[in-house]
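Chemist: Kindly return the folded structure for what I paste below:
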Amino acid sequence: MTTLVLGTSLVTLPVGMAAAASAVETVLYGAAAAALIKQQLVRMDTQMQPQMLAQTQAKTGVVDNYEYEDRLERIADNLVRTGMIKRNYDVYANPSKELNAFETIGGVISVNKGMLDALNDDELAFTMCHEMQHGEKRHAINGVLKSIGISTLIDVSLGGNADVLDILLGSVAVNYIDNEFVTMDQEKQADATGFNVFKNTAYNVGGAASSMQYVYEQYGELWQEGFKRVISPNNHPQMSSRIEKLAGRMTLWSGNRVQVGGNTVYVNAKPVVTPAAAGTYSSRRRAFLVAGNLARATHDVYGEATKDDKVVTEAMNKKQPSWNVASRGNDVYVNDLRIMTCADGDDQPAIVKNIQSALEAKPAMLSKKEIQKQNKAWTQKYGYKKDKKEKNA
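Modeler: This is a model prediction of the structure:
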């Protein structure tokens, strides 16, 4: 968010700045501007956290609710305990009902009320992991500096001509490159490194994919094609791609023994459960959460796979594992680890039997192609329908 806000005010500065400016002068101007801006941004980021917090809160507003504040602080503390978060962050809730969160200069993280209300702790923890990685990687500062560099190159390519059409095209080019290449890359990195932190917590690793699944169900792909992509460039990866990649990281962490294809959970390539929808949780969202718990069960025995197409076959302690799948009330457990709470429509006895049989089966996994095929079939049948959402609005 900060990259976009600051970038908008900064990146268009060099374009057409002087009709007579030479390419060398333009480059020198861009370099000098970048150096001065970097110095100021670093100072704001490292020495002005209270001021940045106050300014951000003044802009967004703050939810005066102890439960929200306590929940955010508790999750943030759990993430810091991994030892993988090096910066100090100020985290607060803002009143927006949209599903969003952002990190800004000074290590300030704001989570929308809408997201706090919609996500469970596992899903919210991944959201915060993602935002903290923007801070750890100094994405806000780096994004602005890259934007200045892009603007300078665009201005050089236009020959410093102050013609209105050149300025317009230059601004469009800067906006497109800044979003599609700079911001997009940062979002991909925050997803990847955020998951690396997330998997070292006690949270359900399926919460990463399930959080994105819920956003997809509300907003769709959040992706432009054709000419719309030029006018309004994509600054985040396509939602279905993010979900698939996060689900793949969960599978890798499971020793490549647990997968989700469409809305069905697989263990050792055997289908164990297609969860029923329950409340605000769709079948697929629940599938990721069930799979995340199963992934922990297999990870604790086999560890993480090193390749995305090879199943770990040997237990870390070199001993054959013993699996005990059982029911307690509406819950299903594997070796005392709760896997899921059955809802109306879930066949609990069948689920227990399927999981027991699959865990004891020969190590196996479905191919990436087969998982993608099932995901595509699910999307075509149950995926986001814009017209349906508009009618319900």
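Chemist: Neighbours of the residue nearest to Met52 when sequence neighbours are not counted, how many?
Modeler: Nearest in space to Met52, with sequence neighbours left out and distances taken as CB to CB, 6 or more residues apart in numbering, is Gly106 at 2.9 Å. C-beta: built from backbone N, CA, C; applies to glycine. The tally of other residues near Gly106 (other CB atoms under 10 Å) stands at 25.
Chemist: so Gly106 makes contact with Leu53?
Modeler: Yes. At 6.5 Å, Gly106 counts as touching Leu53 under the criterion of CB atoms under 8 Å.
Chemist: in this structure, which ranges drop under the pLDDT threshold?
Modeler: 1-34, 143-182, 223-236, 387-393 (pLDDT under 70).
Chemist: For it, which residue occupies the most central location?
Modeler: Geometric centre of the chain, nearest residue: Asp191, 4.4 Å, by CA atoms, centre = their mean.
Chemist: a helix runs through that one, doesn't it?
Modeler: Yes. Asp191 sits within a helix when classified using DSSP: H, G, I helix; E, B strand; the rest coil.
Chemist: how close does it sit to His130?
Modeler: 6 Å (CB to CB, to the nearest Å).
Chemist: Repeat that for Asp346.
Modeler: Asp346 sits 30 Å away from His130, taking CB to CB as the criterion.
Chemist: Show me which of the two is the more surrounded one.
Modeler: Neighbours per residue, other CB under 10 Å: of Asp346 and His130, the larger number sits with His130, 24 against 19.
Chemist: Got the phi and psi for that one?
Modeler: His130 adopts backbone torsions of phi -60, psi -50, taken as degrees, to the nearest 10.
Chemist: for the host helix or strand of Ala93, the distance to its chain's centre please.
Modeler: Per DSSP states H and E, Ala93 falls inside strand 90-94. Distance of strand 90-94 from the chain centroid (CA atoms, centre = their mean, to the nearest Å) equals 18 Å.
Chemist: what's downstream of that strand, the next helix or strand?
Modeler: Going down the chain from strand 90-94, the next helix or strand is strand 101-104, by DSSP H and E.
Chemist: what separates that following strand from the chain centre, distance-wise?
Modeler: Relative to its chain's centre, strand 101-104 lies at 12 Å (CA atoms, centre = their mean).
Chemist: so what secondary structure elements neighbour that strand?
Modeler: Counting contacts by 3 or more CB pairs under 8 Å, 6 or more residues apart in numbering; DSSP states H and E, strand 101-104 is packed against helix 2-10, strand 108-112, helix 121-136, helix 139-157.
Chemist: again, only using 6 Å
Modeler: Contact partners of strand 101-104 among helices and strands, from 3 or more CB pairs under 6 Å, 6 or more residues apart in numbering; DSSP states H and E: strand 108-112, helix 121-136.
Chemist: Kindly present these as CSV, with separate columns for distance to Arg43.
Modeler: Formatted as CSV, those follow (distance: least, CB to CB, whole Å):
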stretch, distance to Arg43
strand 108-112, 15
helix 121-136, 16
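Chemist: quick one: which of those is nearest Val272?
Modeler: Proximity to Val272 (CB to CB) singles out helix 121-136 among these, at 19.7 Å.
Chemist: Taking strand 90-94 as reference, get the angle to the closest one.
Modeler: With axes from the mean of the first three to the mean of the last three CA atoms, to 10 degrees as the basis, helix 121-136 and strand 90-94 are set at 120 degrees to each other.
Chemist: who touches helix 121-136?
Modeler: With contact meaning CB atoms under 6 Å, 6 or more residues apart in numbering, helix 121-136 is reached by 75, 85, 87, 101, 103, 107, 109, 190, 193-194, 197-198, 203-204, 207-208, 210-211.
Chemist: try it again with 7 Å
Modeler: The contact list for helix 121-136 (CB atoms under 7 Å, 6 or more residues apart in numbering) reads 75-76, 78-79, 85-87, 89, 101-103, 107, 109, 111, 115-116, 119, 140, 186, 190-191, 193-194, 197-198, 201, 203-204, 207-208, 210-211, 289.
Chemist: Could I have the CA atoms of that helix written out in PDB?
Modeler: The C-alpha coordinates for helix 121-136 follow below in PDB (Å, rounded to 0.1, in the frame of the first residue of the first chain):
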ATOM      1  CA  ASP A 121      -6.700 -17.300  14.000                       C
ATOM      2  CA  ASP A 122      -4.800 -19.700  11.700                       C
ATOM      3  CA  GLU A 123      -5.800 -17.700   8.600                       C
ATOM      4  CA  LEU A 124      -5.200 -14.300  10.300                       C
ATOM      5  CA  ALA A 125      -1.700 -15.500  11.400                       C
ATOM      6  CA  PHE A 126      -0.700 -16.200   7.800                       C
ATOM      7  CA  THR A 127      -2.000 -12.800   6.800                       C
ATOM      8  CA  MET A 128       0.200 -11.200   9.500                       C
ATOM      9  CA  CYS A 129       3.200 -13.400   8.400                       C
ATOM     10  CA  HIS A 130       2.700 -12.000   4.900                       C
ATOM     11  CA  GLU A 131       2.600  -8.400   6.000                       C
ATOM     12  CA  MET A 132       5.500  -8.800   8.300                       C
ATOM     13  CA  GLN A 133       7.600 -10.000   5.400                       C
ATOM     14  CA  HIS A 134       6.900  -6.800   3.600                       C
ATOM     15  CA  GLY A 135       8.500  -5.100   6.600                       C
ATOM     16  CA  GLU A 136      11.400  -7.600   6.900                       C
END
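Chemist: Thank you, goodbye.
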